[in-house]
Structures are given as C-alpha cells and as structure tokens.
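Engineer: what follows is a predicted structure for the sequence shown.
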Amino acid sequence: MEFARRHRNRIWIISKEDSSEPSNEILLDNLRAYLLVRGSLQPAAEMADLIKEINKEVWYRNEEQKGNENPQEVAINWEEQYAKKWRQARMFEAFVLIDICKDKLIQILRSEK
C-alpha cells in the first residue's frame, strides 16, 4: 500500500500515456510495470532481508561443517545460487498482493493527496 502511496503521481503520469481517463485495470497494470522497473517495493528493507538470509546461510554452513567458512565466500556462493530466485519470489509476492488488495490499491491511486 505504501508503494502505491509513494509513487501514486508517477503511476498516474504513466497511466495517462495509455488513456486520458485510465481505467482501474490500466492503473493496476501500470503499478505492476512501475514495480518491475523499480525492482523492489522497499529497497532498504529488502536489502536487510537479503543480508539476514545470507547470515543464516553462514551460520548453517558453519554449524553443518563444524568449521569456520569464510563469510564472504558463503555470501558469494549464496548470491550465485539463490539471489535471482529470491528476488523473483519477492516480486511474485508483490504481484499476488496487488491482485489480493486491488480494491484498496485502486482507492489509494484514485484518492486525492
């Protein structure tokens, strides 16, 4: 919801390129498109979550192997193996939420500031 509030004006500008009076579906399509372009709902929060996931992997590997693997190497391995799928899953979640919350999002996008 906050993403829609923060980027409402930009979504309207993009939507008006499609139609002078954008329909609800055009607004939602452009919300999705803008999210894809941005690549993230909240970059700072998602980066913190990514770091948590990498730290979990470091902990797991050191527990499993009873040793001290280099955290930088673990981070590089994790990124190579999982980063792309992790980001895709985050975007998928966002698109599912857009569909589930479309009425609230339309209300936000159509509201006056």
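Structural biologist: Looks like it came in fine.

Engineer: use CA for all of it now, contacts and neighbours both
Structural biologist: Will do.

Engineer: secondary structure element holding the residue most central in space within the chain?
Structural biologist: In the chain, the residue lying closest to the centroid (CA atoms, centre = their mean) is residue 40, at 3.4 Å. According to DSSP states H and E, residue 40 maps onto no helix or strand at all.

Engineer: same question, the one 5 residues further on
Structural biologist: Secondary structure here is read from DSSP H and E; on that basis residue 45 sits in helix 43-65.

Engineer: ok, the residue nearest to the centre of the chain - contacts?
Structural biologist: The contact partners of residue 40, taken as CA atoms under 8 Å, 6 or more residues apart in numbering, are 46, 91.

Engineer: backbone dihedrals for it, please?
Structural biologist: phi -170, psi 150 (degrees, to the nearest 10).

Engineer: measure it to residue 106 for me?
Structural biologist: 20 Å (CA to CA, to the nearest Å).

Engineer: could you list the low-pLDDT ranges of this structure?
Structural biologist: 66-67, 113 (pLDDT under 70).

Engineer: that one: helices as residue ranges?
Structural biologist: 2-6, 8-18, 24-38, 43-65, 71-78, 84-100, 102-110 (DSSP state H).

Engineer: for those helices, give me CSV that also has mean neighbour count.
Structural biologist: Output for these, formatted as CSV (neighbours: other CA atoms under 10 Å):
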stretch, mean neighbour count
helix 2-6, 14
helix 8-18, 16
helix 24-38, 17
helix 43-65, 14
helix 71-78, 14
helix 84-100, 14
helix 102-110, 16
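
Engineer: OK, contacts around residue 24?
Structural biologist: Contacts of residue 24 (CA under 8 Å, 6+ apart): residue 106.

Engineer: can you tell me how far it is from residue 1?
Structural biologist: 16 Å.

Engineer: how about residue 35, nearest residue that isn't a chain neighbour?
Structural biologist: Residue nearest to residue 35 in three dimensions, not counting chain neighbours: residue 41, with 6.9 Å by CA to CA, 6 or more residues apart in numbering.

Engineer: so what's the residue count around the one you found?
Structural biologist: 17 (other CA atoms under 10 Å).
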